[in-house]
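J.: I need the structure of the sequence given here:
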Amino acid sequence: MLALLVCVALMATALWTQFPVYADGVVIATGIFRIGLHHGVNSLSAASLRYAGQVRFFMADFLEHRAEIAVDDAGAWRVEREAVRLQAGPFITLTEAEGAVARWPVTLSPAFVVREGGNFFAVGGLFFTVEQAEQGLPLLAQAGLHGQVRGQMFLTTDSFFSQAEAEVLRERLSAVGLESRLFFDGNFRVAAGRARDASELNLWRERLATTIPEVAWSTVSPDSQRLEVIRHDGRQLFVFANLPRRALRVEIVQGQDAAMSIEGRMHRGIFEFAVNSAHRMLVIGIMDVDDYLKGVVPREMPASWPLEALKAQAVVARTYAYANRNRHAADGFDLCTLSTCCQAYGGVAWEHPNSNRAVDETRGVIIFFNGRPASTFYHSDSGGHTESVENVWGGSPQPFLVGTSDPFPALAGSTHTSWHTEITQQAIQNIVRHNRGDVGTVLSISIARRFSSGRVAELVIAGTRGTVTYTRQQARLFDGTPGLFALRSTMYNVSANTAPLFVHNGQSVHRVATLQNAHMATASGQHVLPVREQHVVEGGMGSRVINAVPTSFVFSGSGWGHGVGMSQWGARGMAERAHTFRDILLHYYRGVDLITLVY
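T.: All right, here's what the predicted structure looks like:
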């Protein structure tokens, strides 16, 4: 069992001890995280890399054993998955090939340049079969390009080679005009030929047998999980075989920058490439947790805010990372870069000296509760009172996530201290239809119950066809309709707007905005006016129908977010009043321990 040295900070007392530290049942023994940079809907057809220096491509297995494939200083590379494609050419110069790429039809993207022998080709499209690719040839012709189908079948040497031996064989093939490339499947081989079918491949086999008879060749069948690494000048650096539990990675060897550009965004660390089940490129950043946090903290809190507030945010974000490690284990990484799922991560472009300092000066500090990293929820503005976690998402109460009075956001001048949102009658009807039913024309919206914090616990919407009740966060973000109904918090009041209505109270005439919760006087006393679309008023001049249907509803509230855990505006308010990051964290997370991991 792995042990880890930690500094346990209990309030103001610091103790050093040695014991196993767990996060969701896994021993915390490393500060390295796998961050999903491109995955799911954000996955790629191909990945582009840039680095002004020397990089190393290598294979890593599940035990982190490494095998170097290539060291290169081309400055820019593409990682492509193998596929049947279209090609135009040959062209004599790189410039000509790049011109063809510029004319390439958008529907057949992506397009790039490949150099084979002394010629250049514009290559593009992604197809599973030759027949599919042939349907794209007329589009190339319309763009003024003479196209051909580029097959996916090829031959590789049977024997294993060192990289140097493989390059010698490639030079022999090049000398007789035969294109080849480096192939890596755990060993170095030479790949030659590129065919659309078996008959074309046999022609290549015959040419190779005549040229170099002492070398045996085997057929390599199509595999859309294989990867090709191509330099910006079109040279194919190598082909990486689809190997179980082994991955292609790239790292910086030498250069001025400590970060590499992936798809135009700079990141620190090592990068891993794979093809997912949807045949899209998955890119994972393998980085030190603090390098990750330097791209998170300024995304979650303005870097211009006080240092102690930034330190609190750094500790909360670090704790969140450890507590949620393996959240995306099924996808091959720990955390994603989206704030709606994990934490917002912006890479090196978002780093700032202030937030970097906050991360560095809290290195290793995380929040512990009951022997494991705490669930450090946080939000923008508590609205004056944080909320107990069970009142937001249900489940069991957590002693460290309890609601508490919080005047600090307002003291910091929060921009969310007071807000108003007006929602039309039609929009409310749409919301209800998307969320458990149809109440018809909405006649009233009322708050049936509040939590002790003042937040809405139950919201009742009554209409001509019935009534529906929403609880907890449903009263802020209804299921499936965040675009229609996305209130900043559940700390609010609600009122209705109707057509102009004037009432005489016996002494004067005044305007009322709504008949909701209004009272009427009858011979038997005062009564609450029932909820109806219309009311008929009898008077000395006859009867009159009053339309009581609200035209809109106004929500007036305070705060932003779910209200659980640390308020970021509150952290700013506390920091501006000379509170340390420890004071801030112990105010919002009650009864926790602050420990320092040594990694």
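
J.: Can you tell me which helix or strand of this structure has the lowest average pLDDT?
T.: Ranking every helix and strand in the chain by mean pLDDT, DSSP states H and E puts strand 13-19 at the bottom, with a mean of 35.

J.: pretty sure L182 is in a strand, no?
T.: Yes - assigned with DSSP: H, G, I helix; E, B strand; the rest coil, L182 falls within a strand.

J.: centroid residue for the chain?
T.: L338 (2.6 Å; C-alpha atoms, centre = their mean).

J.: now that one: how far from Q313?
T.: Taking C-beta to C-beta, to the nearest Å as the measure, L338 falls 18 Å from Q313. For the C-beta atoms, the positions are set from N, CA and C on the backbone; glycine is no exception.

J.: How about L594?
T.: From L594 to Q313 the distance is 14 Å (C-beta to C-beta).

J.: do L237 as well
T.: 41 Å.

J.: neighbour count winner among the two?
T.: Q313 (29 against 19; other C-beta atoms under 10 Å).

J.: For the nearest residue to that one once chain neighbours are set aside, give me its contacts.
T.: Nearest non-adjacent residue to Q313, counting by C-beta to C-beta, 6 or more residues apart in numbering: M301, 4.5 Å away. Counting by C-beta atoms under 8 Å, 6 or more residues apart in numbering, M301 makes contact with 309-310, 313, 355, 568, 571.

J.: try 7 Å this time
T.: 309-310, 313, 568 (C-beta atoms under 7 Å, 6 or more residues apart in numbering).

J.: Need the max-distance pair from the residues you listed.
T.: L310 and Q568 (10.1 Å; C-beta to C-beta).

J.: which of these two has more neighbours?
T.: Set side by side, L310 and Q568 show more neighbours around L310, with 30 against 25, by other C-beta under 10 Å.

J.: Which neighbouring elements make contact with the helix or strand hosting the more buried one?
T.: Using DSSP states H and E, L310 sits within helix 307-323. Other helices and strands packing on helix 307-323, by 3 or more C-beta pairs under 7 Å, 6 or more residues apart in numbering; DSSP states H and E, are helix 289-294, helix 297-300, helix 353-361, strand 365-369, strand 372-373, helix 568-575, helix 581-588.

J.: looking at the ones you listed, which is closest to H232?
T.: helix 289-294 (26.3 Å).

J.: State the mean pLDDT of the closest one.
T.: Confidence for helix 289-294, expressed as mean pLDDT, is 97.

J.: May I have it as CSV, with CA atoms only?
T.: What follows is helix 289-294, C-alpha atoms only, in CSV (Å, rounded to 0.1, in the frame of the first residue of the first chain):
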residue,chain,number,x,y,z
VAL,A,289,-2.2,18.9,-11.2
ASP,A,290,-0.8,22.4,-10.5
ASP,A,291,-0.1,23.0,-14.2
TYR,A,292,-3.8,22.1,-14.7
LEU,A,293,-4.9,24.4,-11.9
LYS,A,294,-3.0,27.3,-13.5
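
J.: which strands and helices sit next to it?
T.: Helix 289-294 packs on strand 32-38, helix 307-323, helix 353-361, going by 3+ C-beta pairs under 7 Å, 6+ apart.

J.: Identify whichever of the ones you listed lies nearest to G413.
T.: Judging the helices and strands packed on helix 289-294 by C-beta to C-beta, what sits closest to G413 is helix 307-323, at 13.4 Å.

J.: Give me the residues contacting that closest one.
T.: By C-beta under 7 Å, 6+ apart, the list of residues contacting helix 307-323 reads 23, 28, 33, 289, 292-293, 296-297, 300-301, 303, 335, 343, 354-355, 357-359, 361-362, 365-367, 373-376, 378, 566, 568, 571-572, 575, 579-581, 584-585.

J.: Could I have the buried ones of those as ChimeraX selection syntax?
T.: Provided next is the ChimeraX selection string for whichever of these are buried by 16 or more other C-beta atoms under 10 Å:
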select :23,28,33,289,292,293,296,297,300,301,303,335,343,354,355,357,358,359,362,365,366,367,373,374,375,376,378,566,568,571,572,575,579,581,584,585
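
J.: Could you list the buried residues of stretch 204-214?
T.: 204-205, 207-208, 212.

J.: So which of the residues you listed sit within strands?
T.: Of the buried residues of stretch 204-214, none are assigned to strands by DSSP state E.

J.: Tabulate those in JSON lines, adding columns for distance to P397.
T.: Below are those laid out as JSON lines (distance: C-beta to C-beta, whole Å):
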{"residue": "W204", "distance to P397": "70"}
{"residue": "R205", "distance to P397": "71"}
{"residue": "R207", "distance to P397": "75"}
{"residue": "L208", "distance to P397": "72"}
{"residue": "I212", "distance to P397": "74"}
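
J.: Next step: those restricted to helices.
T.: Counting by DSSP state H, the buried residues of stretch 204-214 place 204-205, 207-208 in helices.

J.: And the furthest pair within those residues?
T.: R205 and R207 (7.4 Å).

J.: Let me know the helix or strand that R590 is in.
T.: Using DSSP H and E, R590 is not contained in any helix or strand.

J.: where does it sit relative to A111, distance-wise?
T.: For R590 relative to A111 (C-beta to C-beta), the value is 58 Å.

J.: Repeat that for G332.
T.: G332 is 28 Å from A111, by C-beta to C-beta.

J.: Ok, I595 next?
T.: I595 is 52 Å from A111, by C-beta to C-beta.

J.: what's the answer for F408, then?
T.: Distance from F408 to A111, counting by C-beta to C-beta: 55 Å.

J.: next one: T319
T.: 45 Å.

J.: For the closest residue to E387 other than its chain neighbours, give its distance to R582.
T.: Excluding the flanking residues, the one nearest E387 by C-beta to C-beta, 6+ apart is G563, at 3.7 Å. Separation of G563 from R582 (C-beta to C-beta): 22 Å.

J.: Look at these two and report which has more neighbours.
T.: Legend: neighbour count by other C-beta under 10 Å for G563 and R582, higher for G563 (31 against 18).

J.: Look at that one and tell me its secondary structure.
T.: Quick answer, by three-state DSSP: G563 is coil.

J.: wait, doesn't it sit right on V389?
T.: No - G563 is not in contact with V389 according to C-beta atoms under 7 Å; the separation is 9.5 Å.

J.: The host helix or strand of L459 pairs with which strands, parallel or anti?
T.: Element membership of L459 [criterion: DSSP H and E] is strand 456-463. Here strand 456-463 is paired, per DSSP bridges, with strand 442-450 (antiparallel), strand 466-471 (antiparallel).

J.: Export those strands as CSV, with columns for mean neighbour count and distance to F160.
T.: As requested, the strands paired with strand 456-463 are exported to CSV (neighbours: other C-beta atoms under 10 Å; distance: least, C-beta to C-beta, whole Å):
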stretch, mean neighbour count, distance to F160
strand 442-450, 17, 73
strand 466-471, 16, 65
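
J.: Could you point out which of these sits nearest N497?
T.: strand 442-450 (11.4 Å).

J.: Quick one: residues in contact with stretch 158-177.
T.: By C-beta under 7 Å, 6+ apart, stretch 158-177 touches 117, 180, 182, 187-190, 192, 211-212, 216-218.
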